[in-house]
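> below is the sequence, then the predicted model.
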Protein chains: 2
Amino acid sequence: MNLPSSGQKSYHHGDLKNALVTAGIACLEQDGLAALTLRGIAARAGVSHTAPKNHFGSLRGLLTAIATEAWHRHAAAMRGQLPTDAPPRDRLVAMAEGYVGFATTNPGLYQLMLSPLHCDLTSPDFHSAARASYDVLAEVTADLIRTGQAPFSDPRQVETMLWSLVHGYASLAQSGMLGGPPGTGPVPVIADLLPL
Amino acid sequence: MNLPSSGQKSYHHGDLKNALVTAGIACLEQDGLAALTLRGIAARAGVSHTAPKNHFGSLRGLLTAIATEAWHRHAAAMRGQLPTDAPPRDRLVAMAEGYVGFATTNPGLYQLMLSPLHCDLTSPDFHSAARASYDVLAEVTADLIRTGQAPFSDPRQVETMLWSLVHGYASLAQSGMLGGPPGTGPVPVIADLLPL
DNA sequence: AGCGTAAGTTTACATTGGTAATATGGTGCG
DNA sequence: CGCACCATATTACCAATGTAAACTTACGCT
């Protein structure tokens, strides 16, 4: 029952579980959410369309696994840009830019990982991955509050406000609904919307 | 070519166009986004599943029409709660509560009207309906700026910030992703997140 | 009255996700 | 070493869906 550690194609496929997630992400990046079909992903991984059932139960399960991976990458994107020793407000800006940058660079993954229509939001793995992203935001918030630069004193309030703001911005930007009437100047960048 | 003014079932149906939109909203409120199938909506309106094509071209066209109606109701929900003669900050709170209230009360409509997967965001009707909602927010923003209570001086910046914040809050609240770790106290209300 | 055409229906079809039955091949036990 | 077992994967099949084409109906205009 021990998994083959790497790409060696022992057993029937090797580790189809990871291969399917990878194939799914490729489909997603290539043709968007609509391309996330059981048959399409399975074909890309070189297996029949019923193979995923053994590992994920259903399409929904597979999409949830993909979304979980998306949350991991999302957290990494934020942490990647986060200076460790810097003023809290610089860290906030970096986090916000990391957040929005991920959503902009990976529109498909970002849509998927927030869609209750595709994912099982109550899956434990999914939940803890999403939580890991939230923790980045909570850390930065704690810094802001400690130095008295937060707009509210209650951490929960600041967290919720920042989370809403940055998610709303990313979501609207992706829908193209940002910036009011078209042609009325450039869309403000996220860094200029943070109440510091 | 004159439309029958009311429910009289002249012609083949009367006005199937409105009937389909109404039926679609009913399906949506009853069983969520997944119930928005061509066949389901058509059956509810009492016609065959290919009838909608004459009026909307495709399922996407029908859903876009439903989403357009959703935006109209959304704007109405905000304006309904908006006091005409009141301090700008009271008007802001009322608008935000109207926004979030609509999303909470009509989760299906709210999901639909922001989903590029279901709707054609570039449809002129859709766009002008969404714009009408944005105008409510822009009006309130103008008041805030006039009285010097806005966090920024550029209206576009304030509009984008508020739009992002209120949409992000509504969207996350609906996904159940709001409030950080579960069981750590109540979720802050939108009125307490507005930087005034 | 009669014709043109918008409005709906019926039929057919490709694609999708899911289930059941079957084949395949690695693992471990004798 | 051989054989049974079971996870893994495939094939065949099904119901549901959106779309296209051919056909039917009945309004409106001349």
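Received it, and whenever you're ready, just let me know what you need. Residues are numbered from 1 along each chain as shown, chains lettered A, B, ... in the order given.
> residue ranges with poor pLDDT in chain A?
Low-confidence segments of chain A (pLDDT under 70): A:1-12, A:179-183.
> let's go with 90 and repeat that
A:1-15, A:175-186, A:196 (pLDDT under 90).
> near DNA strand D, which residues of it show up?
Applying CB under 7 Å from any atom of the strand, we find that chain A lies next to DNA strand D at A:11-13, A:16, A:42, A:46-51, A:53-55. Using the backbone N, CA and C atoms, a C-beta is placed for each residue, glycine as well.
> so what's residue A:127 up against?
Taking CB atoms under 8 Å, 6 or more residues apart in numbering or on different chains, we find residue A:127 in contact with residue A:121.
> returning to what we had before: now list the buried members of the residues of chain A next to DNA strand D.
Buried residues within the residues of chain A next to DNA strand D, counting neighbours by 16 or more other CB atoms under 10 Å in any protein chain shown: A:16, A:42, A:47, A:51, A:55.
> tell me which of the residues of chain A next to DNA strand D fall in strands.
Members of those lying in strands (criterion: DSSP state E): none.
> got TSV for these, with distance to residue A:112 too?
TSV is the format used below for those (distance: CB to CB, whole Å):
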residue	distance to residue A:112
A:11	29
A:12	28
A:13	24
A:16	20
A:42	18
A:46	22
A:47	21
A:48	23
A:49	20
A:50	22
A:51	21
A:53	20
A:54	22
A:55	18
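> next, give me the two most distant ones among those.
Spanning the widest gap among these are A:11 and A:49, at 19.8 Å by CB to CB.
> is stretch A:107-114 up against DNA strand C anywhere?
No - applying CB under 7 Å from any atom of the strand, one finds stretch A:107-114 separated from DNA strand C by no less than 13.3 Å.
> what about that stretch, distance to the chain center?
In terms of CA atoms, centre = their mean, to the nearest Å, the centre of stretch A:107-114 is found 6 Å from the chain centre.
> whichever strand or helix holds residue A:165 vs chain B: in contact?
According to DSSP states H and E, residue A:165 maps onto helix A:155-175. Yes - applying CB under 8 Å from any CB of the partner chain, one finds helix A:155-175 touching chain B at A:156-157, A:159-161, A:163-169, A:171-172, A:175.
> okay, how far is it across stretch A:24-40, tip to tip?
Separation of the first and last residues of stretch A:24-40 by CA to CA, to the nearest Å is 8 Å.
> briefly note if it comes near chain B.
Yes - remark: stretch A:24-40 sits within contact range of chain B at A:33, A:34, by CB under 8 Å from any CB.
> how about that stretch: buried residues?
Of the residues in stretch A:24-40, A:24, A:25, A:27, A:28, A:33, A:35, A:36, A:38, A:40 count as buried by neighbour count, 16+ other CB under 10 Å.
> among those, which one lies nearest to chain B?
Using CB to the nearest CB, the shortest approach to chain B within these belongs to residue A:33, at 5.6 Å.
> so the closest one touches residue A:109, yeah?
No - here residue A:33 does not reach residue A:109: they are 9.8 Å apart, not a contact under CB atoms under 8 Å.
> show me how far the host helix or strand of residue A:132 is from its chain's centre.
In the assignment (DSSP H and E), residue A:132 maps to helix A:124-146. Offset of helix A:124-146 from its chain centre (CA atoms, centre = their mean): 13 Å.
> before we move on, what about stretch A:162-182?
Averaging C-alpha positions (CA atoms, centre = their mean) puts stretch A:162-182 16 Å from its chain's average.
> same question, stretch A:34-46
Taking mean C-alpha positions (CA atoms, centre = their mean), stretch A:34-46 and its chain are 21 Å apart.
> that stretch near DNA strand C at all?
Yes - with CB under 7 Å from any atom of the strand as the measure, stretch A:34-46 is seen reaching DNA strand C through A:36, A:37, A:38, A:39, A:40.
> out of these, who's nearest residue A:96?
Residue A:96 has its nearest neighbour among those in residue A:36, at 28.2 Å by CB to CB.
> on that earlier part again, in the helix holding residue A:132, which residues are buried?
For helix A:124-146, by 16+ other CB under 10 Å, it's A:126-127, A:129-134, A:136-138, A:140-141, A:143-145.
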